[in-house]
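**Q** this one's structure only:
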């Protein structure tokens with residue numbers, strides 16, 4: 001991590017600590033590894049899914065030959081997902097929508113016809129649950145499509161839907177910049193309406209009780225169908241509409257008031273539903289308040305830190321940073337929380353592209369992600385090293401199952417531009433024991449085998465620094481040391497004999513050549529070891 005990034009995170013944590021009013025004893029406990037929280041806890045109860053896998057249905061697998069992925073395609077690949085080791089999947093929007101991506105919904109109670117039917121979805125749920133795989137779905141509640149019947153009636157002035165959206169009045173600055181960076185207001189039949197993300201996505205008016213009631217009903221409807229929870233799109237933008245609104249206390253509190261009410265509505269159907277929010281913020285302090293309403297928020301600051309760390313082959317002091325941040329999360333969540341770490345998603349350049357195609361760096365990024373606390377998320381194709389760079393279509397290219405891109409089942413709505421290499425495919429990597437796919441399978445298997453990796457808290461370890469990233473993971477029953485050599489040269493690390501935890505045995509190693517002897521740990525290039 002660069003000095004600039006270290007200062008940034010130190011300031012973010014300091015501000016957060018001051019904001020929430022830590023006691024000195026709580027901060028000391030966090031810094032010194034006290035188990036203030038289990039990073040895999042859940043306010044709503046139930047077993048953690050452990051590892052989630054994000055799926056863009058359109059790009060995943062095509063079972064009817066129309067070139068578009070479908071729900072039956074996801075069902076067809078559940079055995080693959082089970083072999084990978086994931087125990088939860090997140091489906092990007094599956095509601096009817098005029099766009100390829102689906103983030104502008106026209107019917108919250110329906111299935112995108114190109115993806116199949118409600119019966120297909122019910123079958124997917126049944127088959128996933130048979131395999132112990134939970135299913136959460138994207139819920140896009142901040143805005144609708146401008147083709148939604150509600151907006152069509154509202155733009156024509158029809159009651160009651162007129163007040164379901166936000167319209168400019170005589171005092172509105174219609175040239176204001178939205179929180180997303182573009183125009184906030186868009187013209188329609190002589191009026192202007194609020195659309196934070198685009199003209200085609202008019203924002204709903206959450207000051208209207210009818211809107212709140214309807215969107216709560218949407219969530220309840222899908223829980224009744226059998227989904228296990230939701231990924232909430234644009235969760236901070238219910239009231240965070242303009243650049244000037246960003247992270248204002250009153251804006252955050254209005255957002256939280258809505259999400260608390262929404263959660264209470266869900267609890268009436270399934271109190272164990274898992275809810276993870278997209279709170280896109282560059283600081284831990286900005287994300288922390290949302291743990292009051294959600295089980296988890298995606299860890300955007302950590303994602304950048306992990307990628308920078310492996311790219312620069314330098315430790316990012318992860319154990320020290322996260323132990324402090326988790327103390328903050330513990331306070332904000334009211335007792336329990338679950339982190340949601342990831343490397344990239346459908347809105348960001350893919351990890352392999354960010355790492356300039358370096359397979360060793362990609363393996364180390366996976367090793368960091370999958371040995372950290374929480375329930376990590378993997379973006380489809382990440383496990384085989386698919387590339388992707390803006391524009392968005394190239395970040396969401398078809399999943400590569402076969403060495404031939406036009407083989408049966410391969411989706412063809414977008415011809416691969418960055419993923420034409422036949423070796424970057426499930427078929428090719430299943431045959432290669434040293435492939436990235438096998439690395440992901442191994443690391444996920446470690447999480448299942450080692451309780452401390454799956455459920456433990458995290459704290460720093462003195463050996464951390466330079467090309468060595470080292471941290472302790474500790475659960476109620478087990479304590480382990482995780483050590484990564486991020487560099488291309490062999491490294492030898494001296495373990496501290498004066499600490500209470502004496503690590504004397506190599507429990508797991510990512511490759512041959514890991515040796516622990518006389519309190520000294522030797523790590524080959526680009527390797528990971530777990531000690532007990």
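**A** Thanks, I have it. Everything numeric here is computed off the predicted structure, so don't read it as measured data. Numbers count the residues shown, from 1 in each chain.
**Q** domain ranges for the chain?
**A** What automatic domain parsing lists as the domains of the chain is 3-142+209-449, 149-194, 458-531.
**Q** closest to residue 202 out of those?
**A** Distance to residue 202, taken as Cβ to Cβ, is lowest for domain 149-194 among the domains of the chain, at 5.1 Å. No exception for glycine: its C-beta is placed from N, CA and C like everyone else's.
**Q** how far off centre is the closest one?
**A** Computed by Cα atoms, centre = their mean, to the nearest Å, the chain-centroid distance of domain 149-194 equals 31 Å.
**Q** give me the mean pLDDT for that domain.
**A** For domain 149-194, mean pLDDT is 93.
**Q** quick check: end-to-end length of it?
**A** Start to finish, the residues bounding domain 149-194 are 17 Å apart (Cα to Cα, to the nearest Å).
**Q** contacts for stretch 167-180, please.
**A** If you take Cβ atoms under 8 Å, 6 or more residues apart in numbering as the criterion, stretch 167-180 is touched by 183-185, 191-197, 237, 240-246.
**Q** brain fart, stretch 504-517
**A** Residues outside stretch 504-517 that contact it (Cβ under 8 Å, 6+ apart): 363, 367, 439, 442-443, 446, 449-450, 480, 490, 503, 521-524, 527-532.
**Q** can you do 7 Å?
**A** The contact list for stretch 504-517, computed with Cβ atoms under 7 Å, 6 or more residues apart in numbering, reads 367, 442, 446, 480, 522-524, 527-532.
**Q** so which residues of the stretch 51-200 of the chain form strands?
**A** Assigned by DSSP state E, counting those that start in this stretch, the stretch 51-200 of the chain shows strands spanning 52-55, 88-91, 134-139, 185-188, 191-194.
**Q** and those as JSON lines, adding mean neighbour count and distance to residue 396?
**A** Converted to JSON lines, these look like this (neighbours: other Cβ atoms under 10 Å; distance: least, Cβ to Cβ, whole Å):
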{"stretch": "strand 52-55", "mean neighbour count": "24", "distance to residue 396": "11"}
{"stretch": "strand 88-91", "mean neighbour count": "24", "distance to residue 396": "13"}
{"stretch": "strand 134-139", "mean neighbour count": "22", "distance to residue 396": "13"}
{"stretch": "strand 185-188", "mean neighbour count": "18", "distance to residue 396": "25"}
{"stretch": "strand 191-194", "mean neighbour count": "20", "distance to residue 396": "27"}
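**Q** reformat those strands into CSV and put distance to residue 272 next to each item.
**A** Compiled in CSV, the strands of the stretch 51-200 of the chain are given as follows (distance: least, Cβ to Cβ, whole Å):
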stretch, distance to residue 272
strand 52-55, 16
strand 88-91, 13
strand 134-139, 10
strand 185-188, 40
strand 191-194, 35
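**Q** quick one: closest of the ones you listed to residue 473.
**A** That would be strand 52-55 among these, by Cβ to Cβ, at 19.4 Å.
**Q** can you give me the mean pLDDT across the closest one?
**A** Strand 52-55 shows a mean pLDDT of 98.
**Q** now for that strand, which elements pack on it?
**A** For strand 52-55, the packing partners by 3 or more Cβ pairs under 7 Å, 6 or more residues apart in numbering; DSSP states H and E come out as strand 88-91, strand 377-379.
**Q** one step back: which one of the domains of the chain lies closest to residue 201?
**A** Distance to residue 201, taken as Cβ to Cβ, is lowest for domain 3-142+209-449 among those, at 5.1 Å.
**Q** gap between that closest one and the chain center?
**A** 2 Å.
**Q** ok so, going back, quick check: ChimeraX command selecting the buried ones in the contacts of stretch 504-517.
**A** Entered in ChimeraX, the line below selects the buried ones among these, by 16 or more other Cβ atoms under 10 Å:
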select :367,442,446,480,522,523,524,527,528,529,530,531,532
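**Q** okay if I get the contacts of stretch 504-517 as TSV plus distance to residue 454, secondary structure and pLDDT?
**A** Output for those, formatted as TSV (distance: Cβ to Cβ, whole Å; DSSP: H, G, I helix; E, B strand; the rest coil; pLDDT from 0 to 100):
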residue	distance to residue 454	secondary structure	pLDDT
367	15	helix	98
442	15	helix	98
446	9	helix	97
480	11	strand	97
522	27	strand	98
523	23	strand	98
524	26	coil	98
527	21	strand	98
528	16	strand	98
529	18	strand	98
530	12	strand	98
531	17	strand	98
532	14	coil	95
